[in-house]
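Colleague: Could you look at this predicted model? Sequence included:
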Amino acid sequence: MINPLFRNVLGGLLLLAAGACSSEATDPQPDERITRTDEFVSAKADGQYTDCRDVYRRNGTVPDTLFNSYQNFMVSSTQRLQQIDIMRLENPTSSAKYFILTFGDVDLDALTVPAEFTAADRSRRVSLTFGDYTSTQGPVSGADPNRYQGSTLTPDGLVVKILSKDNDVLTGTFRGPVSNSAKQVKTLTEGQFRVKLLRKIRP
């Protein structure tokens, strides 16, 4: 049974999965070069390094990384959604920390890499949520101050890069500010990700 906190976290994301985070003392690798071979999303939030690796699975079967996912059930069965969803949590039963990256209006097959997503290009977008429940555990009613969000569409917002997409293994970097419902800001630096995408269209 999914913890009520996940219902708040996942919100409108109907098919999404996740992975695990830890605050180990491992230093992230240099920007623009990812040599790790595991699947992860990691970053420093105000200087504190968080490395998310484990995968949450919906009903035990569906991985969290989706390309052309069918989150919106109003979309016709023949329309391909040009969207990529990535999620990594601390572990499958806890949500102390997690990252969610959502790429919108991105035709992955036609995309030339490396590709940079910033406010200068409003034809495609990336949103990012960083959840940090290390100080406040359990469900939160109303606006959740433990969720920090940002977007590439915001001036002086996130900068996200896709560095490679070989065999649907997506690698990239990200950096920039994310803020919570109380307007508190965390600055993400040295963000990196490497995930294997699951291609999915609405049946």
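Modeller: Cool, the structure landed.
Colleague: Okay, strands next: where are they in the chain?
Modeller: For the chain, the strands identified by DSSP state E occupy 21-22, 40-45, 48-52, 66-67, 83-91, 94-104, 115-117, 125-132, 147-151, 159-164, 169-179, 185-196, 198-199, in order along the chain.
Colleague: So what's the residue count around Ala45?
Modeller: Burial measure for Ala45: 19 neighbouring residues, criterion other Cβ atoms under 10 Å. (Each C-beta comes from the backbone N, C-alpha and C, glycine too.)
Colleague: got it, and Tyr133?
Modeller: The tally of other residues near Tyr133 (other Cβ under 10 Å) stands at 19.
Colleague: My guess is it contacts Ala96. True?
Modeller: Yes. Counting by Cβ atoms under 8 Å, Tyr133 does reach Ala96; the two are 5.1 Å apart.
Colleague: Between the two, which contacts overlap?
Modeller: Taking Cβ atoms under 8 Å, 6 or more residues apart in numbering as the contact criterion, no residue touches both Tyr133 and Ala96.
Colleague: picking that back up, tabulate the strands of the chain (CSV), appending distance to Arg33 and mean pLDDT.
Modeller: As requested, these are arranged in CSV below (distance: least, Cβ to Cβ, whole Å; pLDDT from 0 to 100):
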stretch, distance to Arg33, mean pLDDT
strand 21-22, 22, 63
strand 40-45, 14, 96
strand 48-52, 17, 93
strand 66-67, 24, 73
strand 83-91, 20, 84
strand 94-104, 19, 85
strand 115-117, 15, 96
strand 125-132, 20, 94
strand 147-151, 23, 95
strand 159-164, 8, 97
strand 169-179, 9, 96
strand 185-196, 9, 96
strand 198-199, 26, 80
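Colleague: Throw those into JSON lines and include distance to Ile34, thanks.
Modeller: Rendered in JSON lines, the data for the strands of the chain read as follows (distance: least, Cβ to Cβ, whole Å):
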{"stretch": "strand 21-22", "distance to Ile34": "18"}
{"stretch": "strand 40-45", "distance to Ile34": "9"}
{"stretch": "strand 48-52", "distance to Ile34": "13"}
{"stretch": "strand 66-67", "distance to Ile34": "19"}
{"stretch": "strand 83-91", "distance to Ile34": "14"}
{"stretch": "strand 94-104", "distance to Ile34": "15"}
{"stretch": "strand 115-117", "distance to Ile34": "15"}
{"stretch": "strand 125-132", "distance to Ile34": "17"}
{"stretch": "strand 147-151", "distance to Ile34": "21"}
{"stretch": "strand 159-164", "distance to Ile34": "7"}
{"stretch": "strand 169-179", "distance to Ile34": "5"}
{"stretch": "strand 185-196", "distance to Ile34": "6"}
{"stretch": "strand 198-199", "distance to Ile34": "20"}
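Colleague: Isn't Val41 up against Ile86?
Modeller: Yes. A contact is recorded between Val41 and Ile86 when judged using Cβ under 8 Å, the distance being 6.5 Å.
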